[in-house]
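J.: structure for the following, please:
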Amino acid sequence: MDYESICRISGKLLGGWMKSDPEDEDDAKFKEVLEFLRVDITPKDVKAAAYVVPAFLSILIISSIALLTPFVGFMPVMLIFLGIPFLLFQYLKKYPLVKARSVRQEAIRLIPDTMFYLIMSLRINPNLERALEFTSKYSKGVIKRELDIIIHRVRMGVDSVESGLVRWGETWGEDFDEFRGSVRLVLASNLETNEKKRQATLDKASNLLLDGLNKKVETAARKLHTPTMILFTFGVILPLVFVALVPFMSLMGLNIGIEAIALMYVVAIPLMLFVMTKFIVSTRPITSPPPNVPIPSKTLISAIPSIGTAALFSLIGVMVLMGRINLGNLSNLPFLWAFATAVGLFLFLSSLKVKKARSVVKKTEMEFSETLHQLGIFLSEGRSLEDALDRTAEKSGKLMAFMRRAANNIRMFSSDIRAAFFHHEFGALKDMHSDLVKSILEVITSIANKGSNMISLVSFSLSEQTKKMQQIDTQIEQSLGSLVTSMKIIAIVVGPLVGGMISSMSLVLAATMDYAEGANMAFGSSGAPLDPAAITLIIGIFVVESSAILSLFAAGLIHGDDWVMKRNSIGLAMSLSVFIFTGCAWLAAQLFTGLAGA
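T.: Next up, the predicted model:
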């Protein structure tokens, strides 16, 4: 059931209790946001959902506590979950505003590429309507929707391209002021009668946008460092340190049962960690969207290694339960190995092919600016287009083989330049998944009848513009790279190592408590030592969960809502962290067992 359905049902349940006031500023704001999100619900429905869903959840939580208490006893930690409905109420009440802000952030990510297409088209032909149609063709999401609305209004005769672009710039300029200025310069370029001045004005529009983007990225990246360190400290390290203190608290008479520890470390703390990461990621800087590589529909083959590995570790777990294998404090871990590797391998392998394909596309795009420059040089020498394409392919290497295929299409099929690249059956770009390459070649093929010199000049110009865009992408990766790398190391290595050390300390602490009966009597306590195997399992689950959440966070910082990269990152983290944790726990157990025996 999606959010809209929940809101509609909630609105019907509460009926006349929830009333909308047309003069209420909040209702008016919500109505505007709901129209922006294109959802068919009212502000009244949103308010109703904010009351109904938490109410049902409160009933569910209270019922669960009542059912579990006779079996595990009443644990004060259960009361923590009564705070969830209140938090959910606050979240649902503001959800449309949060969602709209998220959609706007994702749209702003697309603005630099959108302006690149607009300026690229205007460099060739100062026709705003045609440039807008070209830009819309290669745009996505909300930006494409807004461009299509402008085009529709222009065709219906109710608006002009200029006024539509001004409104567009003002709308998104609230979040990206340099974009507003860039749109104004684009419009100013169309008023220039001198071609040289027109091109110079377009250069200013491009530079203003890219400089503004660079500043926003640097500022946002700097602001992310402190909350990220706070996240790791309070969400991972301190909870692990607290577990080490639990046995000492038992000596003091403050007994915390294994059920309470499991509830905190398997559910409550990972949930808090996930919420914190979502909040921090919402403030991340603008980054370029990934190449549009189709995701394979058949992922069953990826499940074969996952199922085989899970079966092997499950068999080990069964043998441990039967007493055939003794793993000491690691005796509860085989089933965790089975789960973590099964899920991790499947997520990693099912996303690996797309990730590799994207890497090839990205590398092609990085090399394409130099390819354009080479094409311009060969054309400026007076060579024919097919000869220039052939020589460019030889100079550029395997990734630019589509240039040679286009030249062969011209010779073999006597096709025109556009069909050589874009024909649906034999076109050289039939299997190309780069919108950047396609859009640039579409511009070049559109002026093929203007001669080699014109194509040469355009190739040089587009090469420079593409290099500038790629420099910004490189700066973005550099700004976020150290932070993302740190989070990956923390998620996959540091967290599991600390968890392994802490979990094995339970061995020496349990032995200490066995010899501390006198101390227990002195403190008036009869605390029993916690089972080291149970503590190890709980910390192991926490380590796997926290590594997945931190990897999700790291992928979200640089890739946004890109589930291919998120799946790949989570899969790798889960598969590695569980064994790093296990190895550290085993080594530490050998050390601590020796200390306890001594």
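J.: where does the protein dip in pLDDT?
T.: Low-confidence segments of the chain (pLDDT under 70): 1, 16-26, 71-78, 80, 246-256, 285-288, 296-300, 476, 506-530, 592-598.
J.: domain parsing of it, as residue ranges.
T.: Dividing the chain into domains by automatic domain parsing, as the record does, gives the ranges 3-191, 224-286+305-362+469-597.
J.: need the helices for the stretch 251-400 of the chain, in chain order.
T.: With helices called from DSSP state H, counting those that start in this stretch, the stretch 251-400 of the chain shows them at 258-263, 269-281, 300-321, 334-380, 385-396.
J.: for those helices, which one sits closest to residue 214?
T.: Among those, helix 334-380 comes nearest to residue 214, with 18.0 Å by C-beta to C-beta. Just so you know, the C-beta spots here come from the backbone N, C-alpha and C atoms, and that holds for glycine as well.
J.: run the angle between the closest one and helix 385-396 for me.
T.: Orientation of helix 334-380 against helix 385-396 (axes from the mean of the first three to the mean of the last three C-alpha atoms, to 10 degrees) gives an angle of 130 degrees.
J.: now the angle from helix 334-380 to helix 300-321?
T.: 160 degrees.
J.: most tightly surrounded among the domains of the chain?
T.: Among these, ranked by average contacts under mean count of other C-beta atoms under 10 Å, first place goes to domain 224-286+305-362+469-597 (a mean of 19).
J.: quick one on the thing from earlier: would you convert the helices of the stretch 251-400 of the chain into JSON lines that also reports distance to residue 532?
T.: Converted to JSON lines, the helices of the stretch 251-400 of the chain look like this (distance: least, C-beta to C-beta, whole Å):
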{"stretch": "helix 258-263", "distance to residue 532": "11"}
{"stretch": "helix 269-281", "distance to residue 532": "20"}
{"stretch": "helix 300-321", "distance to residue 532": "15"}
{"stretch": "helix 334-380", "distance to residue 532": "15"}
{"stretch": "helix 385-396", "distance to residue 532": "61"}
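J.: if we compare these, which one ends up closest to residue 437?
T.: Smallest distance to residue 437 across these (C-beta to C-beta): 5.6 Å, for helix 334-380.
J.: before we move on, back to that, the helices of the stretch 251-400 of the chain: which one's closest to residue 452?
T.: helix 334-380 (4.4 Å).
J.: returning to what we had before: and residue 413, which of the helices of the stretch 251-400 of the chain is closest to it?
T.: helix 385-396 (11.7 Å).
J.: elements contacting that closest one?
T.: In terms of contacts (3 or more C-beta pairs under 8 Å, 6 or more residues apart in numbering; DSSP states H and E), helix 385-396 is packed against helix 334-380, helix 401-412, helix 452-489.
J.: can you redo those helices as JSON lines with distance to residue 573?
T.: Listed next are these as JSON lines, based on distance: least, C-beta to C-beta, whole Å:
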{"stretch": "helix 334-380", "distance to residue 573": "7"}
{"stretch": "helix 401-412", "distance to residue 573": "36"}
{"stretch": "helix 452-489", "distance to residue 573": "8"}
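J.: so which of these comes closest to residue 587?
T.: Taking C-beta to C-beta, helix 334-380 is the member of the helices and strands packed on helix 385-396 nearest to residue 587, at 16.8 Å.
J.: rewinding a little: select, out of the helices of the stretch 251-400 of the chain, the one closest to residue 221.
T.: Taking C-beta to C-beta, helix 269-281 is the member of those nearest to residue 221, at 12.3 Å.
J.: off-centre distance for the closest one?
T.: 14 Å (C-alpha atoms, centre = their mean, to the nearest Å).
J.: number the chain from 23, please
T.: Okay, residue one is now 23; in that scheme the one you just asked about reads as helix 291-303.
J.: which residues sit against it?
T.: Contacts to helix 291-303, defined as C-beta atoms under 8 Å, 6 or more residues apart in numbering, come from residues 246, 249-250, 253, 257-258, 261, 564, 567-568, 571-572, 574-575, 578-579.
J.: restricting to C-alpha, output that helix in CSV.
T.: Presented in CSV, the C-alpha positions along helix 291-303 are these (Å, rounded to 0.1, in the frame of the first residue of the first chain):
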residue,chain,number,x,y,z
ILE,A,291,20.1,1.4,17.8
PRO,A,292,20.2,0.3,14.1
LEU,A,293,16.8,2.1,13.6
MET,A,294,18.2,5.3,15.2
LEU,A,295,21.4,5.0,13.1
PHE,A,296,19.3,4.6,9.9
VAL,A,297,17.2,7.7,10.7
MET,A,298,20.4,9.7,11.4
THR,A,299,21.9,8.7,8.1
LYS,A,300,18.7,9.7,6.2
PHE,A,301,18.8,13.1,7.8
ILE,A,302,22.5,13.7,6.9
VAL,A,303,22.1,12.5,3.4
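J.: and that helix with helix 474-511, angle?
T.: Here helix 291-303 points in a direction 150 degrees away from that of helix 474-511 (the same axes, to 10 degrees).
J.: ok so, going back, nearest to residue 34, of the helices and strands packed on helix 407-418?
T.: Ranking the helices and strands packed on helix 407-418 by proximity to residue 34 (C-beta to C-beta) places helix 356-402 first, at 38.3 Å.
J.: ok, back up a step: of the contacts of helix 291-303, closest to residue 61?
T.: Nearest to residue 61 among the contacts of helix 291-303: residue 578, at 23.7 Å, using C-beta to C-beta.
J.: wait, the closest one touches residue 588, no?
T.: Yes: in this structure, residue 578 is within contact of residue 588 by C-beta atoms under 8 Å, at 6.8 Å.
J.: before we move on, the earlier item: which two in the contacts of helix 291-303 are spaced the farthest apart?
T.: Across the contacts of helix 291-303 (C-beta to C-beta), the longest gap, 24.3 Å, separates 246 and 564.
J.: contacting residues for residue 450?
T.: 424, 425, 427, 428, 431, 442, 443.
J.: got a list of what the first one touches?
T.: Applying C-beta under 8 Å, 6+ apart to residue 424 gives the contacts 443, 450, 451, 454.
J.: sorry, back to before: can you redo the contacts of residue 450 as CSV with distance to residue 553?
T.: Formatted as CSV, these follow (distance: C-beta to C-beta, whole Å):
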residue, distance to residue 553
424, 63
425, 67
427, 66
428, 69
431, 71
442, 72
443, 68
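J.: so which of those residues comes closest to residue 554?
T.: residue 424 (60.8 Å).
J.: before we move on, back to that, restricted to helices, list the contacts of helix 291-303.
T.: Judged by DSSP state H, helices contain the following of these: 246, 249-250, 253, 261, 564, 567-568, 571-572, 574-575, 578-579.
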